[in-house]
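>>> here are the coordinates; sequence isn't available:
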């Protein structure tokens, strides 16, 4: 399965080839603008496994996750098109529900859904799962070898999702292992026209900023194939769209100070 999400603008951010730790520290880590590092994680065992297809990827991850804690999985029906968001005009509740599932169960369901017609297919999305808790062997098998200040790697696993525009309070390095992922980034000036949202019953400061009504002026990273990494700083608001070939896409991300 491949889900295509057209980019909202033709603008693209800077790209460069993979860098070593010294170059990353000197030229990348302190940037205040996003950048794509093509091939930065091409050496990862997970990327090599993903080249063998969905079942090979699932088998690899199952091996790493043996003994890990169940993941929180967001589940949406076929009609919502992977757009995890609020429900109703008054933003009351969500258009999805959450369940806890072991990694093996999640991967088996993703493989099963890959054979389901798109019009009948549910969207599953495990987001920000900490590797030490849920995939205990991940960090050792997929070393980043970049100075990230001790940040904990996290995993995003799903079969095609669109995340609403939001604000990350820390610097991020996202590494695409399987499938594709597009990040649409909004510069700080766009904050003035953002629409503040909520995730609980109370309105809360900077937690969410929904800018999806507005066409970005300067945004964009074209869809990143596996092996690539992108870095952005907390001054940039972002929306993400993940597409997957057949059963699922996988992204590993580290958030630094």
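Nice, I can see it. Please read all numbers here as calculations on a predicted model, not as lab measurements.

>>> Helices of this protein, start to end?
21-23, 45-50, 54-65, 103-113, 131-134, 138-141 (DSSP state H).

>>> Save these as a markdown table, and put in distance to residue 88 too.
No exception for glycine: its C-beta is placed from N, CA and C like everyone else's. Shown next, in a markdown table, are these (distance: least, CB to CB, whole Å):
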| stretch | distance to residue 88 |
| --- | --- |
| helix 21-23 | 48 |
| helix 45-50 | 38 |
| helix 54-65 | 35 |
| helix 103-113 | 27 |
| helix 131-134 | 32 |
| helix 138-141 | 38 |
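
>>> okay if I get the ones you listed as CSV plus distance to residue 87, mean neighbour count and mean pLDDT?
CSV is the format used below for the helices of the chain (distance: least, CB to CB, whole Å; neighbours: other CB atoms under 10 Å; pLDDT from 0 to 100):
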stretch, distance to residue 87, mean neighbour count, mean pLDDT
helix 21-23, 45, 12, 97
helix 45-50, 34, 20, 94
helix 54-65, 31, 20, 90
helix 103-113, 22, 19, 94
helix 131-134, 28, 18, 92
helix 138-141, 34, 16, 93
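
>>> Of these, which is nearest residue 11?
Evaluated over the helices of the chain, closeness to residue 11 peaks at helix 21-23, with 25.3 Å, by CB to CB.

>>> To residue 167, which of the helices of the chain lies closest?
Ranking the helices of the chain by proximity to residue 167 (CB to CB) places helix 131-134 first, at 23.4 Å.

>>> So which residues make contact with the closest one?
By CB atoms under 8 Å, 6 or more residues apart in numbering, the surrounding residues in contact with helix 131-134 are 65, 68-71, 103, 138-139, 152-155, 252.

>>> tell me which of those residues is nearest to residue 115?
Set against residue 115, the nearest of the contacts of helix 131-134 by CB to CB is residue 103 (20.3 Å).

>>> List the contacts of that closest one.
Here residue 103 is in contact with 61-62, 65, 68, 70-71, 134-135 (CB under 8 Å, 6+ apart).

>>> Using CSV, please lay out the residues you listed together with distance to residue 122.
Below are these laid out as CSV (distance: CB to CB, whole Å):
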residue, distance to residue 122
61, 20
62, 21
65, 21
68, 23
70, 18
71, 16
134, 21
135, 23
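
>>> low-confidence ranges in the stretch 101-250 of the chain?
188-250 (pLDDT under 70).

>>> if we can go back for a sec, looking at the contacts of residue 103, which is nearest residue 108?
Residue 108 has its nearest neighbour among those in residue 62, at 8.9 Å by CB to CB.

>>> Between the helices of the chain, which one is closest to residue 30.
That would be helix 21-23 among the helices of the chain, by CB to CB, at 12.2 Å.

>>> Was I right to think residue 86 contacts residue 80?
No. At 11.4 Å, residue 86 does not count as touching residue 80 under the criterion of CB atoms under 8 Å.

>>> From residue 105, how far out is the residue nearest to residue 252 when sequence neighbours are not counted?
In space, and not counting its chain neighbours, residue 252 is closest to residue 175: 4.7 Å by CB to CB, 6 or more residues apart in numbering. To residue 105, residue 175 is 24 Å away according to CB to CB, to the nearest Å.

>>> got it, and residue 68?
Going from residue 68 to residue 105 by CB to CB gives 12 Å.

>>> which residues touch residue 24?
Residues counted as contacts of residue 24 (CB under 8 Å, 6+ apart) are 146-147.

>>> let's see it at 6 Å
Counting by CB atoms under 6 Å, 6 or more residues apart in numbering, residue 24 touches residue 146.

>>> how far out from the middle of the chain is stretch 127-136?
Taking CA atoms, centre = their mean, to the nearest Å, one finds stretch 127-136 lying 14 Å from the centre of the chain it belongs to.

>>> First-to-last residue distance for that stretch?
16 Å (CA to CA, to the nearest Å).

>>> for residue 144, phi and psi?
phi -80, psi -30 (degrees, to the nearest 10).
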